[in-house]
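*Asks:* How does the following fold in three dimensions:
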Amino acid sequence: MEILAKTPRHKTNLIVKTEILVLAFLIALITAFNAHAQDKVTEAFRESYSLEKSQNFNGAIDRLKAVYQSDSYELNLRLGWLHYQASKLDLSVEYYTKAVDLKPYAVEPKLGLVLPLSVQGKWDKILDIYGQILKNDPQNSLVNYRVGLIYYNRGEFAKADPYLEKVVNLYPFDYDGLILLAWNKLSLQKSREAKILFQKVLLNNPGDESATEGLKLIK
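*Replies:* Numbering: from 1, shown residues only. Prediction:
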């Protein structure tokens, strides 16, 4: 009969202890490496803010690209902003889009993305992005206002109206919402509603030229 050789118990314990020590060493090494890498990224961000403050946008971009990680939301978001500041609009769109892809439910990168797109005049694309935001955050007053403003500037007053009404319902005494809704109502020939809104604007800002002009047109 074949007799299986057995490893002595004390040797088995020694092997286990050795494996534990090796594993602990590797964990410590990885932790130290990650901490060092994080320190380099933090320092790069700090320097990028300083360079941005002095209007050296290209320098700030180069500093961050030295520690760039494609899966870093924060790096892509910041590079999107810096390229926008440097008037490198296509690259700004590229980095902001990466940030959007990394955090698809976040509002922040989408609001960043509309910055270069607005300079490029891509308003349909911007409306699509705002629609994505409102799908998840329908009460977002800033985005509702901006959508209303885009439609108002296009002369599409009926489309602008529900967005602007929502803004005023959320912030009934906000100047920007009131004055734009007032002009939109007047453009829709809803003079009575426009008059009430213009009068509210004058409560917010007595003597306001835009509201005063609107009331003269109604009279």
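*Asks:* Where does the prediction get shaky in the protein?
*Replies:* 1-38 (pLDDT under 70).
*Asks:* now the helices: where do they sit in it?
*Replies:* With DSSP state H, the ranges of helices along the chain come out as 9-53, 57-65, 73-85, 89-102, 108-119, 123-136, 141-153, 157-170, 175-187, 191-204, 209-218.
*Asks:* would you turn the ones you listed into TSV with mean neighbour count?
*Replies:* For the C-beta atoms, the positions are set from N, CA and C on the backbone; glycine is no exception. As requested, the helices of the chain are exported to TSV (neighbours: other CB atoms under 10 Å):
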stretch	mean neighbour count
helix 9-53	12
helix 57-65	19
helix 73-85	21
helix 89-102	19
helix 108-119	19
helix 123-136	15
helix 141-153	20
helix 157-170	19
helix 175-187	22
helix 191-204	17
helix 209-218	15
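*Asks:* Can you tell me the closest non-neighbouring residue to residue 74?
*Replies:* Among residues not flanking residue 74 along the chain, residue 45 sits closest, at 7.8 Å (CB to CB, 6 or more residues apart in numbering).
*Asks:* so how far is residue 51 from that neighbour?
*Replies:* Distance of residue 45 to residue 51, computed by CB to CB, to the nearest Å: 11 Å.
*Asks:* go on, residue 204?
*Replies:* As judged by CB to CB, residue 204 and residue 51 stand 40 Å apart.
*Asks:* centroid residue for the chain?
*Replies:* Closest residue to the average C-alpha location of the chain: residue 108 at 1.8 Å, with CA atoms, centre = their mean.
*Asks:* hang on, isn't it packed against residue 77?
*Replies:* Yes: at 7.1 Å, residue 108 counts as touching residue 77 under the criterion of CB atoms under 8 Å.
*Asks:* list the contacts for residue 63?
*Replies:* Listed by CB atoms under 8 Å, 6 or more residues apart in numbering, the contact set of residue 63 reads 44, 47, 48, 51.
*Asks:* Tell me, how many residues neighbour residue 88?
*Replies:* Counted with other CB atoms under 10 Å, residues neighbouring residue 88 total 18.
*Asks:* Which single one of the contacts of residue 63 is nearest to residue 154?
*Replies:* For the contacts of residue 63, the closest approach to residue 154 (CB to CB) belongs to residue 48, at 37.5 Å.
*Asks:* Give the closest residue to that closest one in space, chain neighbours not counted.
*Replies:* What sits nearest to residue 48 in space, not counting adjacent residues and going by CB to CB, 6+ apart, is residue 60, at 4.1 Å.
*Asks:* In this structure the one you found contacts residue 51, no?
*Replies:* Yes: assessed by CB under 8 Å, residue 60 is found in contact with residue 51 at 3.9 Å.
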